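J.: Test case, fold it:
(chains A, B, C and D)
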Protein chains: 2
Amino acid sequence: MTPPSAIDPRIEALVTDLIGRVADKWTMLILEVLAEKGTLRFSRLAEAIGNISQKMLTQTLRTMQRDGLIERTVYPVVPPKVEYKLTELGFTLGAAFCGVWVWAAENLARVEQARSAFDLGD
Amino acid sequence: MTPPSAIDPRIEALVTDLIGRVADKWTMLILEVLAEKGTLRFSRLAEAIGNISQKMLTQTLRTMQRDGLIERTVYPVVPPKVEYKLTELGFTLGAAFCGVWVWAAENLARVEQARSAFDLGD
DNA sequence: CGGCATCCACCTGGATACTG
DNA sequence: CAGTATCCAGGTGGATGCCG
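T.: From the prediction side, this is the model:
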């Protein structure tokens, strides 16, 4: 674990906020899909994720674009065509999350087990 | 990035859920504080985190205990004394999150900059 | 001291309908 | 196709007060 106590508490608050915005379900899934597939247009992205409302997809994509994680390219054609891909920054974030994905996959069973034991009265 | 596409989609959903519960602000902060300080009782934990309501502290601690991330020890004395410390599982999760903390700390400025640029009309 | 119970304001996210 | 706009149910989290 990093020792955030060693850094400015104001910075720590900013970092915490940043993590809060960045570490949500949809952001992580989009990060994962784009890291794997490269470039995707809106509807393909929706398909790849599965059961995400277009409201959340649009909203999350906007936030990620604003934060410099993805690049949005609009082709001025009819029908409209918009493509999304990770920026370098987005890619590095995906890599950072990798450790958490691995942890979750490896320890899923242990957590389920702990939960069952807890629920059984202990 | 791990290729979750290579694994069972049902497992992936479980992993996503697990990450969703585990990757929240308070969980990450508690993880960090306990990793650093070792063992703490309820009120010291509250102080160390700063501005967390005892409702959220209790709630988050229960969930973490249920998931096998922390160990809760009650000393049958008056006044009550309860201590919390990370389990081995909690420790490994902290380590996994380390990469995200580092990313956030390192790229905070870049994100802020991207956001400013975005807000200025681009 | 370390909670639990209650109330409540806010936000999140889904469903639906409409547009360039 | 790729959104925007609106409405609404449910969840989140803070404040407060009480208890063992």
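
J.: Could you state which residue of chain A sits nearest its centroid?
T.: Nearest to the geometric centre of chain A sits A:Met28, at 1.9 Å (CA atoms, centre = their mean).

J.: which helices and strands does the helix or strand containing A:Ile11 pack with?
T.: Element membership for A:Ile11, per DSSP states H and E: helix A:9-22. For helix A:9-22, the elements it packs on are helix B:25-37, helix B:88-119, judged by 3 or more CB pairs under 8 Å, 6 or more residues apart in numbering or on different chains; DSSP states H and E. Where C-beta positions appear, they are placed from N, C-alpha and C, glycine not excepted.

J.: Okay, buried residues for the helix or strand just after the shortest one please.
T.: Beyond helix B:25-37 on the C-terminal side, the first helix or strand identified by DSSP H and E is strand B:39-41. Of the residues in strand B:39-41, B:Leu40 count as buried by neighbour count, 16 or more other CB atoms under 10 Å in any protein chain shown.

J.: Next one: strand B:39-41, is it in contact with DNA strand D?
T.: No: using CB under 7 Å from any atom of the strand, strand B:39-41 never reaches DNA strand D; the gap is at least 12.7 Å.

J.: Can you spell out which helices and strands pack onto that strand?
T.: Against strand B:39-41 (3+ CB pairs under 8 Å, 6+ apart) you get strand B:81-86.

J.: Flag every buried residue along the worst-scoring helix or strand of chain A on mean pLDDT.
T.: In chain A, no helix or strand scores lower on mean pLDDT, DSSP states H and E than helix A:9-22, which sits at a mean of 84. Applying a neighbour-count criterion of 16+ other CB under 10 Å, the buried positions in helix A:9-22 are A:Glu12, A:Leu14, A:Val15, A:Thr16, A:Leu18, A:Ile19, A:Val22.

J.: Just give me the closest of the residues you listed to A:Lys55.
T.: Proximity of these to A:Lys55 (CB to CB) peaks at A:Val22, which lies at 19.4 Å.

J.: re earlier: comparing the helices and strands packed on helix A:9-22, which comes out most buried?
T.: Neighbour counts (mean count of other CB atoms under 10 Å in any protein chain shown) averaged over each of the helices and strands packed on helix A:9-22 peak at helix B:25-37, with a mean of 20.

J.: Looking at the helices and strands packed on helix A:9-22, which is nearest to A:Val111?
T.: helix B:88-119 (7.4 Å).

J.: So the closest one, near chain A or not?
T.: Yes: using CB under 8 Å from any CB of the partner chain, helix B:88-119 reaches chain A at B:89, B:92-105, B:107-108, B:110-111, B:113-115, B:118-119.

J.: Now do that helix: which elements does it pack against?
T.: Counting contacts by 3+ CB pairs under 8 Å, 6+ apart, helix B:88-119 packs against helix A:9-22, helix A:54-66, helix A:88-119, helix B:25-37.

J.: related to what we said a few turns ago, of the helices and strands packed on helix A:9-22, which is nearest A:Thr63?
T.: Evaluated with CB to CB, the helices and strands packed on helix A:9-22 place helix B:88-119 nearest to A:Thr63, the distance being 9.6 Å.

J.: Report the angle between the closest one and helix A:54-66.
T.: Inter-element angle recorded for helix B:88-119 and helix A:54-66: 80 degrees (by axes from the mean of the first three to the mean of the last three CA atoms, to 10 degrees).
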